[in-house]
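S.K.: I need the structure of the sequence given here:
(one chain, ligands or ions: 2)
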Amino acid sequence: MAAEAKITMLGVSGAGKTCYMLGLYATMQLGLQGFTLTTTDMDEDLRLTSLWERMVDDEGEDRWPPPTSNEPYQYDFDFSYGMRQLISFDWLDYRGGAMQSTSTQEDVEILINRLRESSCLFLCVSGEYLQEETSSDMQLMSIARKAGINRMNLFLADLTKNLKDSQRPFPIVIVITKYDKCYERAKDRVSRDKLFDNIKKMFNTLFLPSKDWLVMLCPVSLGKELGTDSLTGKIDPKNLHLPLVFALYAKLREYAITEQARVNETKIRLDTLRSGSWFQRLFAGDDERATESSLENYQNQLQDIQRRMALLAQELINAQIFLGGKEQQLDV
Ligand SMILES: Nc1nc2c(ncn2[C@@H]2O[C@H](COP(=O)(O)OP(=O)(O)O)[C@@H](O)[C@H]2O)c(=O)[nH]1
Ligand SMILES: [Mg+2]
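M.R.: Residues are numbered from 1 along each chain as shown. Ligands and ions are numbered 1, 2, ... in the order given. Purely as a prediction, here's the structure:
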């Protein structure tokens with residue numbers, strides 16, 4: 001079966017994408033509030049699990065997964081609640097040439113096409129670049145260049161030109177990886193907000209007043225101790241599941257909108273059938289009954305989607321989510 005949702009993850013090499021993916025897979029396998037994540041391929045499961053175990057058990061440089069080649073890598077997952085599959089999705093870890101300044105036109109086109117068919121983007125920015133407080137635009141420009149944000153903005157500009165109305169607002173997660181590196185800098189609320197303001201400034205188009213983007217800002221870390229010691233610090237993941245929960249919430253929201261439209265249409269059709277004269281209705285009786293039963297069907301499906309959204313929304317209560325630059329509470 002084809003995946004229902006597509007997630008694409010972008011970030012310069014070394015940003016922490018592979019580690020993030022491994023950590024996410026490991027934490028979600030144990031199950032989180034009843035949600036689980038599984039790969040559709042047994043060999044892949046072994047590979048991911050053994051890389052993860054090495055990170056947890058080993059010390060030294062070798063604990064980390066070997067830096068990967070330049071090929072984009074695709075994972076296929078099922079996301080479930082209890083034993084029930086909620087949504088299947090594929091996940092592309094994009095470490096292709098298009099994120100580098102030496103990219104070829106072909107690299108760029110491949111990525112642009114993938115972005116256009118994605119249902120959510122994860123833009124990974126390493127906390128290593130955000131360790132020091134800064135208010136100078138010059139410094140921010142330099143960080144934006146090193147962290148690949150300039151490139152990401154170029155791809156976003158293409159994406160927004162080609163979004164269909166049904167894709168708006170398009171969900172994006174700015175994942176601040178290795179947030180343990182910012183621990184010192186972002187100790188209290190005020191200094192954390194300053195850090196977030198820096199991010200907003202570098203991704204300014206995502207925070208303009210428009211209905212184009214639904215953006216979540218999400219710090220993640222594989223362990224607080226890694227901030228000062230990445231060779232022996234304990235692995236103790238934080239927030240890894242939130243970007244995924246958000247992506248799937250956004251996908252369900254899209255389904256809900258489609259389903260609601262079906263319900264509305266069917267109601268109108270039923271009203272028309274019912275408003276005919278007794279004579280017309282005598283002959284349209286079968287039609288009326290069939291329409292009634294499809295209405296019930298669509299309504300049940302809508303409710304089912306809304307129940308799943310409510311489950312996910314609970315996890316996102318404390319998340320920072322913005323529409324048109326304004327902070328939002330998710331509704332179901
Ligand atoms: N402090 C810290 N370091 C991390 C974390 N995640 C990854 N790293 C380091 O970042 C390196 C690059 O990560 P990797 O996932 O391979 O980056 P990728 O090129 O984006 O896939 C790893 O080898 C680790 O040394 C984290 O949560 N905290
Ligand atoms: Mg990698």
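S.K.: kindly report the residues of this protein close to ligand 2.
M.R.: Among all residues of the chain, those adjacent to ligand 2 (criterion: Cβ under 5 Å from the ion) are 17-18, 68. From N, CA and C alone the C-beta is placed, and that goes for glycine too.
S.K.: got phi/psi on the residue of the stretch 51-200 of the chain found nearest ligand 1?
M.R.: The minimum distance from the stretch 51-200 of the chain to ligand 1, using Cβ to the nearest ligand atom, falls at residue 64 (3.3 Å). When quoted as degrees, to the nearest 10, the phi and psi of residue 64 stand at phi -80, psi 150.
S.K.: pLDDT score for the closest residue to ligand 2 within the stretch 201-332 of the chain?
M.R.: Sorted by distance to ligand 2 under Cβ to the ion, the residues of the stretch 201-332 of the chain start with residue 222, at 13.7 Å. The predicted local confidence for residue 222 comes out at a pLDDT of 98.
S.K.: burial check on whatever residue of the stretch 101-250 of the chain ends up closest to ligand 2, number of neighbours?
M.R.: Among the residues of the stretch 101-250 of the chain, residue 124 lies nearest to ligand 2; the distance is 10.0 Å by Cβ to the ion. A total of 25 residues lie near residue 124 under the criterion other Cβ atoms under 10 Å.
S.K.: please name the nearest non-neighbouring residue to it.
M.R.: Here the nearest residue to residue 124 in space, its sequence neighbours aside, is residue 11; by Cβ to Cβ, 6 or more residues apart in numbering that works out to 3.1 Å.
S.K.: who are the contact partners of the residue of the stretch 201-332 of the chain closest to ligand 2?
M.R.: The contact partners of residue 222, taken as Cβ atoms under 8 Å, 6 or more residues apart in numbering, are 16, 19-20, 23, 55, 178, 180, 235-238, 240.
S.K.: hang on, the earlier thing: what is the residue of the stretch 101-250 of the chain closest to ligand 2 paired to in the beta sheet?
M.R.: With beta bridges defined as DSSP bridges, residue 124 has these partners: residue 175.
S.K.: any residues of the stretch 1-150 of the chain in contact with ligand 1? List them.
M.R.: Listed as neighbours of ligand 1 in the stretch 1-150 of the chain under the rule Cβ under 6 Å from any ligand atom: 11, 13-19, 64-65, 67, 95.
S.K.: pick the one among those residues closest to residue 206.
M.R.: residue 11 (15.4 Å; Cβ to Cβ).
S.K.: hang on, the closest one packs against residue 125?
M.R.: Yes - with contact defined as Cβ atoms under 8 Å, residue 11 and residue 125 form a contacting pair (6.9 Å).
S.K.: joint contacts of the two?
M.R.: Common contact partners of residue 11 and residue 125 (Cβ under 8 Å, 6+ apart): 148, 175, 177.
S.K.: wait, what's in contact with the first one?
M.R.: It stands for residue 148. Residues in contact with residue 148 (Cβ under 8 Å, 6+ apart) are 10-12, 15, 99, 125.
S.K.: is it possible to get TSV of the residues of the chain next to ligand 2 that adds neighbour count, secondary structure and pLDDT?
M.R.: What follows is the residues of the chain next to ligand 2, written out as TSV (neighbours: other Cβ atoms under 10 Å; DSSP: H, G, I helix; E, B strand; the rest coil; pLDDT from 0 to 100):
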residue	neighbour count	secondary structure	pLDDT
17	23	helix	93
18	20	helix	92
68	13	coil	70
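S.K.: before we move on, back to that, got a markdown table for the shared contacts of residue 11 and residue 125, with pLDDT and distance to residue 108 too?
M.R.: As requested, those are arranged in a markdown table below (pLDDT from 0 to 100; distance: Cβ to Cβ, whole Å):
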| residue | pLDDT | distance to residue 108 |
| --- | --- | --- |
| 148 | 93 | 14 |
| 175 | 98 | 22 |
| 177 | 98 | 24 |
